[in-house]
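**Q** Predicted model, plus sequence, below.
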Amino acid sequence: MPANTSTFRRRLTLALLGGVAFAASGISSVSAQTPVRTIKVATAAESKPLSWGAIGHEPQGYEPDLLRAINAKLPQYRFVLEGAADIAQETGLATGKYDMATGGFYTAPARSKQFLIPATPMGASLMKIYSRKDSNINTMKDLVGKKIVPVTAGGGVYKFVTQWQQENPDSAVKISASSAGIPYPDRLKEVQRGKYDALILPSNLGEQTVIDNQKLDIKASEPVSINNTYVLIHRSDDNQKLADDINETLKTLKADGTLDKLSQKWFGEDVVKYMK
């Protein structure tokens with residue numbers, strides 16, 4: 001082989017290797033300029049199967065699983081989940097302690113003004129009536145003259161029934177507000193015993209699991225109210241991109257069946273079909 005040909009090939013090989021090395025260093029440089037951003041997320045600590053797991057415990061449930069599915073499609077972020085009490089979630093989100101919060105949140109004018117809320121919902125809260133199987137209670141109008149389990153003052157159920165009553169003034173459904181934190185499994189047993197005729201609650205709290213495990217003679221109505229649930233994000237310029245990314249990812253996860261799969265896993269029913 002001629003010497004000049006051999007020399008040319010050696011120079012070409014060195015040039016190509018140098019180009020590869022330069023490209024690799026360029027990739028490293030770009031990666032170094034775009035570090036993974038840590039996102040602190042507050043999840044509901046005591047809302048099984050929606051979400052549960054206090055501080056020091058790995059959050060579990062529908063929303064934590066969905067957050068992990070979102071994070072898997074957004075490698076530029078690292079979600080750190082932390083269970084928190086309801087009041088601590090929104091307070092921490094407002095102050096910037098948390099970047100995001102999930103807890104079966106509805107939209108409201110005040111929330112939309114205070115937080116960034118991706119337009120695509122992460123789930124749906126189905127308000128249902130729980131009564132004994134031998135009752136004739138299936139709709140809100142069937143509750144006229146019935147004794148209903150007291151509801152949390154100012155809570156979602158209280159607001160729903162109050163609004164329904166305003167829209168249906170000819171049907172007097174009476175409820176009483178209570179601040180007593182009696183667990184809903186005990187409330188279901190009170191309906192079973194006949195102390196109350198019915199209990200109104202969102203179905204994503206695990207009522208059906210309690211009914212099945214405790215072998216209660218209780219039935220659930222079709223949804224009497226449906227509300228989408230959303231991710232809340234601390235309002236800042238930096239978080240607008242985060243909100244946009246989550247919105248697009250939720251669209252993808254709904255379309256590919258992930259939301260339906262998680263809904264069936266944790267709630268035992270297809271919640272996605274009710275999402276507006």
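**A** That came in fine, so what should we check first? Computed from a predicted structure; not experimentally measured.

**Q** show me the residues around L116 that make contact.
**A** Neighbour list for L116: L232, I233, H234, R235, N239, Q240, L242, A243 [criterion: Cβ atoms under 8 Å, 6 or more residues apart in numbering]. Every C-beta, even on glycine, is put in place using the N, C-alpha and C of the backbone.

**Q** Considering the residues you listed, which possesses the most neighbours?
**A** Among the contacts of L116, L232 has the most neighbours (other Cβ atoms under 10 Å), with 25 neighbours.

**Q** ok, now which ones touch that residue?
**A** Per Cβ under 8 Å, 6+ apart, neighbours of L232: E90, L93, M100, A101, T102, F105, R111, F115, L116, I117.

**Q** hmm, try it at 6 Å
**A** Applying Cβ atoms under 6 Å, 6 or more residues apart in numbering, we find L232 in contact with L93, A101, F105, F115.

**Q** Give me the distance between G92 and D99.
**A** 10 Å (Cβ to Cβ, to the nearest Å).

**Q** the more surrounded of the two?
**A** D99 (22 against 19).

**Q** Report pLDDT for the more buried one.
**A** Per-residue pLDDT puts D99 at 97.

**Q** Same check on the one 3 residues further on?
**A** pLDDT, T102: 95.

**Q** low pLDDT regions in the stretch 1-150 of the chain?
**A** 1-33, 55 (pLDDT under 70).

**Q** at 50 what do you get?
**A** 1, 3-5, 8, 12-17, 19-31 (pLDDT under 50).

**Q** residue ranges of the helices in it, please?
**A** Here the stretch 1-150 of the chain has its helices, by DSSP state H, counting those that start in this stretch, at 3-33, 62-73, 86-95, 109-114.

**Q** count of neighbours near T43?
**A** Around T43 there are 26 residues (other Cβ under 10 Å).

**Q** State the three-state secondary structure for K159.
**A** Classification of K159 using DSSP: H, G, I helix; E, B strand; the rest coil returns helix.

**Q** Figure out the length between the terminal residues of stretch 66-86.
**A** 19 Å (Cα to Cα, to the nearest Å).

**Q** just stretch 68-78 next, same as before
**A** End-to-end for stretch 68-78, by Cα to Cα: 10 Å.

**Q** Could you list the buried residues of it?
**A** Across stretch 68-78, burial judged by 16 or more other Cβ atoms under 10 Å covers A69, I70, N71, K73, L74, Y77.

**Q** Check stretch 166-179 too.
**A** V173, I175.

**Q** now stretch 111-129: how far from the chain's centre is it?
**A** 8 Å (Cα atoms, centre = their mean, to the nearest Å).

**Q** May I ask which of the contacts of L232 has the most neighbours?
**A** Neighbour counts for the contacts of L232 (other Cβ under 10 Å) peak at A101, which has 28 neighbours.

**Q** Hmm, it is touching A44, no?
**A** No. Contact criterion Cβ atoms under 6 Å: A101 and A44 do not qualify, at 8.8 Å.

**Q** hmm, back to that, among the contacts of L232, give me the pair with the biggest separation.
**A** L93 and F105 (9.9 Å; Cβ to Cβ).

**Q** OK, contacts around the nearest residue to Y130 once chain neighbours are set aside?
**A** Spatial nearest neighbour of Y130, chain neighbours left out: L199 (4.4 Å); criterion: Cβ to Cβ, 6 or more residues apart in numbering. By Cβ under 6 Å, 6+ apart, the residues touching L199 are Y130, V149, R187, V191.

**Q** doesn't L199 fall inside a strand?
**A** Yes. Counting by three-state DSSP, L199 is found in a strand.

**Q** returning to what we had before: neighbour-wise, which of the contacts of L199 leads?
**A** Highest neighbour count within the contacts of L199: Y130, with 26 neighbours (other Cβ under 10 Å).

**Q** give me every residue that touches it.
**A** With contacts defined as Cβ under 6 Å, 6+ apart, Y130 is in contact with L199, I218, A220.

**Q** show me the contacts for the second one.
**A** I218 makes contacts with Y130, L188, I211, as judged by Cβ under 6 Å, 6+ apart.
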